[in-house]
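> What follows is a protein structure lacking sequence information:
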């Protein structure tokens, strides 16, 4: 079942003489995720036992050689993010694009500029960030990549990722220094540094604060956990079903509508 976007969400669309398409989003998670939540413990134990890397909440970046490539090119990535993703209207609220984030992402506080989403390239966004696109394309087992933008005063409440089959990496691009911007992952509290990478398992309970007057920007990468069987079979089956689901396809359409509205304004 779908629902029309609220008046608040409709007001987020760039205004044009032709009007902007109304958001329609799937309010519930796909069946595979709802089943997966009930069986999460079993799935995650199978994946954990099959993991070829650490299962700790925060992982050693040295386990992932490609993170050095991001650190070595972070200024290039930052410059493209600042030129493109921080333009007015260019990066929609994550809650506007993804129905799964509406419970944790306050509108206009957590924004995103997607390059890849669940294995699908966002071609026009990649074209606007050519150097970042080349670097991201070299990441093994890439699932998603986007510039994640936290406005001043943002708090993302505690939540968990859907599968231990994915690992998250953040590359710090803009980290305010006039207060405290931090993330708790399990019982660890971590902070970002510009030009540094942070790799963590988002199936651990985690939450984020930007208690500053500035905007925090990271390149957020999700990639498939290196696994042996049988965990790889479980993770591949789950991710394949999610990528084909109406839930992910709806988010892709929402993003396409947003980009189409921006084109009308020549942003």
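Sure, I can see it. What you are looking at is a predicted structure, and each value in this text was computed from that prediction instead of being measured. Residues are numbered from 1 along each chain as shown.

> Can you say which helix or strand has residue 135 in it?
helix 130-136 (DSSP states H and E).

> Identify the residues contacting the next helix or strand after that helix?
Where DSSP H and E defines the elements, the next helix or strand beyond helix 130-136 is strand 142-150. Contact with strand 142-150 is made by 81, 85-86, 91, 109-119, 136, 139, 156, 166, 170, 173, 181, 208, 210, 215-224, 239, as judged by CB atoms under 8 Å, 6 or more residues apart in numbering. Every residue, glycine included, has its C-beta placed from N, CA and C.

> what's downstream of strand 142-150, the next helix or strand?
Next element after strand 142-150 (DSSP H and E): strand 155-159.

> Parallel or antiparallel, list what pairs with that next one.
The strands beside strand 155-159 in its sheet (DSSP bridges) come out as strand 206-211 (antiparallel).

> tell me which residues in the strand it pairs with are buried?
Across strand 206-211, burial judged by 16 or more other CB atoms under 10 Å covers 206, 208-210.

> same question, stretch 69-85
70, 73-74, 77-78, 80-81, 84-85.

> can you list the residues that contact that stretch?
Contacts to stretch 69-85, defined as CB under 8 Å, 6+ apart, come from residues 90-91, 113, 125, 128-132, 135, 138, 147, 149, 169, 171-174, 194-197, 217, 219, 221.

> Quick one: end-to-end length of it, please.
21 Å (CA to CA, to the nearest Å).

> Report the mean per-residue pLDDT for that stretch.
In this model, stretch 69-85 has an average pLDDT of 96.

> same check, this time on stretch 149-160
92.

> For that stretch, buried residues please.
Buried residues in stretch 149-160, defined by neighbour count with 16+ other CB under 10 Å: 149-150, 152, 154, 156.

> do the same with stretch 196-204
196-204.

> so can I have CSV of those showing secondary structure, pLDDT and distance to residue 44?
Putting those into CSV (DSSP: H, G, I helix; E, B strand; the rest coil; pLDDT from 0 to 100; distance: CB to CB, whole Å) gives the following:
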residue, secondary structure, pLDDT, distance to residue 44
196, coil, 98, 28
197, strand, 98, 24
198, strand, 98, 21
199, strand, 98, 18
200, strand, 98, 15
201, coil, 97, 10
202, coil, 95, 12
203, coil, 94, 6
204, coil, 95, 10
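
> what's the farthest-apart pair in those?
Using CB to CB, the two most remote members of those are 196 and 203, lying 22.7 Å apart.
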